[in-house]
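Enquirer: I need the structure of the sequence given here:
(chains A and B)
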Amino acid sequence: MSLTQTVPAGAASGISPLGILAKASVLLVTAIVLYAAWSVYLIGQPLFGLFLVIVALFFFFIYGFRRYYFARFIYPGAAAVLLFIAFPIIYTIYLGFTNYSSQNLLSYERAKEVILSGQIIDQASKRPFALVDEGGGSYRIFLPEGEAGYLTGPLALDGSSVTLTAEPVDTPPAETMAMRDAIKFREALGVVGIAMPDGTELKSAGLREFASVEPEYTLLDGDRMRDNATGDILGPDQSQGYYVKPDGTLLPPGWRVNIGWANFNRIFTSAGIRAPMLGIFIWTVIFAAGSVGLTFALGLVLASILQWEHLRFKAIYRVLLILPYAVPAFISILVFRGLFNQNFGEINLILETLFGIRPEWFTNGFLARTMILIVNVWLGYPYMMLLAMGFLQAVPVEQKKAAVLEGASAFRVFFTITLPQILPPFLPLLLASFAFNFNNIVLILLLTQGGPDIPGTIIPAGQTDILGSFTFRMAFQDSAQQFGLAGAITLIIFLIVTIIAYANFVAMRRAANKGASQ
Amino acid sequence: MIVEDRRSLTMKKLAAHGFLIVFLIIIMFPFLMVVSISFRQGNFTIGSLIPERPTLEHWYLAFGLDYTRPDGTVIEPPYPVMLWMFNSIKIALISSLGCLVIATISAYALSRIRFRGRGAFLDSLFVIQMFPTTLALIALYAVFDAMGDLSPIIGIDSHVSLVIIYLSWVTLHIWTLKGYFDSIDPAMDKAAAIDGATPWQTFRHVFLPLAVPMMAVVFVLIFIAVINDYPIASILLRNENNLTLATGSRLYLNEFRYLWGDFAAAAILSGVPITAVFLIAQRYLVSGLSEGSVKG
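Expert: Residues are numbered from 1 along each chain as shown, chains lettered A, B, ... in the order given. A predicted model of the protein is given here:
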């Protein structure tokens, strides 16, 4: 069947006003996306710009030419996937090769600007000031010097940036404003400059004083700069993303540069990162495998019971049993967070009344991990139960009946007939569930936030942290915002997920082929 | 199973019901507790599990109303729960509508139009949907942080940015819908093609009406997934009034401001509607999921 051949009949209508309008709008949209790509490039996101260019070109050819008619249906989905799944994953991994963090957040140009805008106050030139209220919203600044002083021209103090000329006066003004009234104009005074008769310019330097303010650094030849206080010459180090002082210390803020495999070196060689990473990786696997195994076992048992022909009230049991799946997970997890609370939680209240114990669910690593598994089984078993109920129906009753007639016990029937038949179609779903739990950061972030902390680590790492939550905290919750390092770990997670995804793909193909051949 | 002893059958039935009931009591414990906590005085667990002097204080606060205690002190709502709920529903509605449009059109093409690379495209969609959003978070943050310089509408702390990201969740649903379209008789579109319909017209007038039930299910699925999203919303949203339910609710159980009772009422208020929608949709959902995924 080939629908594409029938296309020209319905649509090759030559040049119509509608056709021109359509062509024009295709051009317009392409132009807008290309312009967006250019703007994105200008703000320092060349990779995203490139992806936008690709999206724009595909848009132009697919909607501009009838040849690619079929692709018009797929384009929106493909573009969304390309821009917001493929690009971000590639870009995150790319960031793993940079030093992007809260210390190295800016571009080189911006970092240079920030450093050059730094100013130092010349302590020797500090002199106190007083405000003179002339009435009608007009003020003057008086800078006393001995018996006499300097008085500036009138100013409005409305926050506008002005430079006033100060003239020497023999006698101080009759009345100056009290300090606490003058403080109210602190912000407006901050943008006022005073040109003194000797040519120096004074700026506000604290609450009570004006002083001459000089730039901390002066740009020498485009890249290097001089430290005006010490006379040192600083050069930019593009391999580290910092200006470096002669003694080797780094001058913040830094900028984003490619640092190659440095992040990976840190992960694999720094003991303060490698040791907790290994522990976290092992726990992630245990957590994911444990969750899948326990939920699968529990779901299968429940599904088998619900499937039993002699059981009444099936519908009620079914609805009640899937309730944990139906309630939004973020609510259930937070509810458990409250119930498990060591001091005010209801679970410890009951345990204390019954057995006199108060387990430390959040400060003892083993108990915290146990709690995570309990909660995840509670959250996850209904999904497995629902799937198992579907697959159990596909198992032929005759085979089971025959086995029972031969004298097989119910357990024997289950393990030799039912399980081998439902496992192959179940496998892709179990793998998907493993992949999901491998990255189930919502559970960890909302329940324990990774805690309790592993002692002696460079980067905050917790005993219940899985790789995903560890990375998330490193990038977004920790004050250092180490995007680069987090990106490097993301590449590791990416590789693991790729393996699982491939295994899942193969398992799924097999299940599909089997289903087709039956 | 076939020839069962009457007595042992009764015993088995009792055992099955007994097991299910005990299990259900354990499973239901958190729900029952939350209801009880929402009517209990104060925000700390002191005394019995069943409230001795029930109060509506937490419920007033959850609805965004001031509550006057008997001693005259007025308690103000700690967080704008209703606003969060509105944000969540608004974002989820727009995202699921957008996703549904994209997914339906793509699924139709993948099911009906034969073109080169179709199989490869389907396979790559399947592989891509396996990769969790967690992997993309850092880049999403970096990109939207930078785009905020162009316009705050597509920057951090904007609902538009969030909707744009959620639109990329179509992959799984393209699969689900494609599975459903595959089950529609090809004679239908052949008939339409003979009558001179373009693929678009076939889609619009033949497939769309047939697909409405399945589309409703997919819509609900995306809607619930968006409402439940925590990681993306938590890195993109900042301002308290911009938060969604999933990101806002966790503020209640802050170590320094522990509002257990207020949380309980807010959790029920926001959880019940979503749960109800889910329960209504779940019957179709499971069949849709297995159909969509097993047929390759």
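Enquirer: so where's the stretch 401-518 of chain A shaky on pLDDT?
Expert: Scanning the stretch 401-518 of chain A for pLDDT under 70 picks out A:478-479, A:515-518.
Enquirer: Next to chain B, which bits of it? Give me the list.
Expert: Within reach of chain B by Cβ under 8 Å from any Cβ of the partner chain, the stretch 401-518 of chain A has these residues: A:401, A:404-405, A:410, A:425, A:428-429, A:432, A:435-436, A:439, A:441-442, A:445-446, A:468, A:471-472, A:475-476, A:483, A:486-487, A:490, A:493-494, A:497, A:500-502, A:504-505, A:508-509, A:511-513, A:515-516. For the C-beta atoms, the positions are set from N, CA and C on the backbone; glycine is no exception.
Enquirer: From those residues, list just the buried residues.
Expert: Buried residues within these, counting neighbours by 16 or more other Cβ atoms under 10 Å in any protein chain shown: A:404, A:425, A:428-429, A:432, A:435-436, A:439, A:441-442, A:445-446, A:468, A:471-472, A:475-476, A:483, A:486-487, A:490, A:493-494, A:497, A:500-501, A:504-505, A:508, A:511-512.
Enquirer: Residue 87: which element?
Expert: You didn't say which chain, so I picked chain A. Using DSSP states H and E, residue A:87 maps to helix A:87-95.
Enquirer: Wait, chain B was what I had in mind.
Expert: Residue B:87 is part of helix B:81-112 when elements are defined by DSSP H and E.
Enquirer: going on from that helix, what's the next piece of helix or strand?
Expert: Next element after helix B:81-112 (DSSP H and E): helix B:118-128.
Enquirer: Check which helices and strands that next one sits against.
Expert: Judged by 3 or more Cβ pairs under 8 Å, 6 or more residues apart in numbering or on different chains; DSSP states H and E, helix B:118-128 is in contact with helix A:71-81, helix A:483-517, helix B:81-112, helix B:170-182.
Enquirer: Give me the contacts around that helix.
Expert: A:74, A:77-78, A:81, A:85-86, A:501-502, A:505, A:508, B:110, B:171, B:174-175, B:178, B:296 (Cβ atoms under 8 Å, 6 or more residues apart in numbering or on different chains).
Enquirer: try stretch B:227-236
Expert: If you take Cβ under 8 Å, 6+ apart as the criterion, stretch B:227-236 is touched by A:328-330, A:441-442, A:445-446, A:472, A:476, B:88-89, B:92, B:133-134, B:137, B:140-141, B:144, B:156-158, B:161-162, B:165-166, B:243-247, B:274.
Enquirer: Endpoints of that stretch, how far apart?
Expert: Distance across stretch B:227-236, first residue to last, is 15 Å (Cα to Cα, to the nearest Å).
Enquirer: model confidence over that stretch, on average?
Expert: For stretch B:227-236, the mean pLDDT works out to 92.
Enquirer: Now do it: distance to the chain's middle.
Expert: Mean-position distance between stretch B:227-236 and its chain equals 12 Å (Cα atoms, centre = their mean, to the nearest Å).
Enquirer: can you check stretch B:23-32 too?
Expert: Centre-to-centre, stretch B:23-32 and its host chain are 22 Å apart (Cα atoms, centre = their mean).
Enquirer: in chain B, what spans have low per-residue confidence?
Expert: Using pLDDT under 70, the flagged stretches of chain B are B:1-4, B:44-49, B:282-296.
Enquirer: Mark out where each domain of the chain begins and ends.
Expert: Going with chain A. Following automatic domain parsing, one gets these domains for chain A: A:3-95, A:108-117+A:217-260, A:119-215, A:266-513.
Enquirer: right idea, wrong chain: chain B
Expert: Following automatic domain parsing, one gets these domains for chain B: B:6-75, B:81-294.
Enquirer: that's a helix at residue A:150, yeah?
Expert: No. Assessed by DSSP: H, G, I helix; E, B strand; the rest coil, residue A:150 does not belong to a helix; its assignment is strand.
Enquirer: could the domains of chain B go into TSV alongside mean neighbour count?
Expert: As requested, the domains of chain B are exported to TSV (neighbours: other Cβ atoms under 10 Å in any protein chain shown):
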stretch	mean neighbour count
domain B:6-75	14
domain B:81-294	20
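Enquirer: So which of those domains is nearest residue A:52?
Expert: Nearest to residue A:52, of all these, is domain B:81-294, at 10.8 Å by Cβ to Cβ.
Enquirer: follow-up on the earlier one: out of the contacts of stretch B:227-236, which sit inside helices?
Expert: A:329-330, A:441-442, A:445-446, A:472, B:88-89, B:92, B:137, B:140-141, B:144, B:161-162, B:165-166, B:245-247, B:274 (DSSP state H).
Enquirer: worst-scoring helix or strand of chain A, pLDDT-wise?
Expert: The weakest-scoring helix or strand in chain A, judged by mean pLDDT, DSSP states H and E, is helix A:7-11 (a mean of 41).
Enquirer: Now the helix or strand encompassing residue A:296: buried residues?
Expert: Taking DSSP H and E as the definition, one finds residue A:296 inside helix A:271-307. The neighbour-count check on helix A:271-307 (16+ other Cβ under 10 Å) flags A:273, A:276-277, A:279-281, A:283-284, A:287-288, A:290-292, A:294-296, A:298-306 as buried.
Enquirer: can you put the domains of chain A in a markdown table and add distance to residue B:13?
Expert: Below are the domains of chain A laid out as a markdown table (distance: least, Cβ to Cβ, whole Å):
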| stretch | distance to residue B:13 |
| --- | --- |
| domain A:3-95 | 50 |
| domain A:108-117+A:217-260 | 68 |
| domain A:119-215 | 80 |
| domain A:266-513 | 6 |
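Enquirer: Hmm, residue A:224 is touching residue A:234, no?
Expert: Yes. With contact defined as Cβ atoms under 8 Å, residue A:224 counts as touching residue A:234 (6.6 Å).
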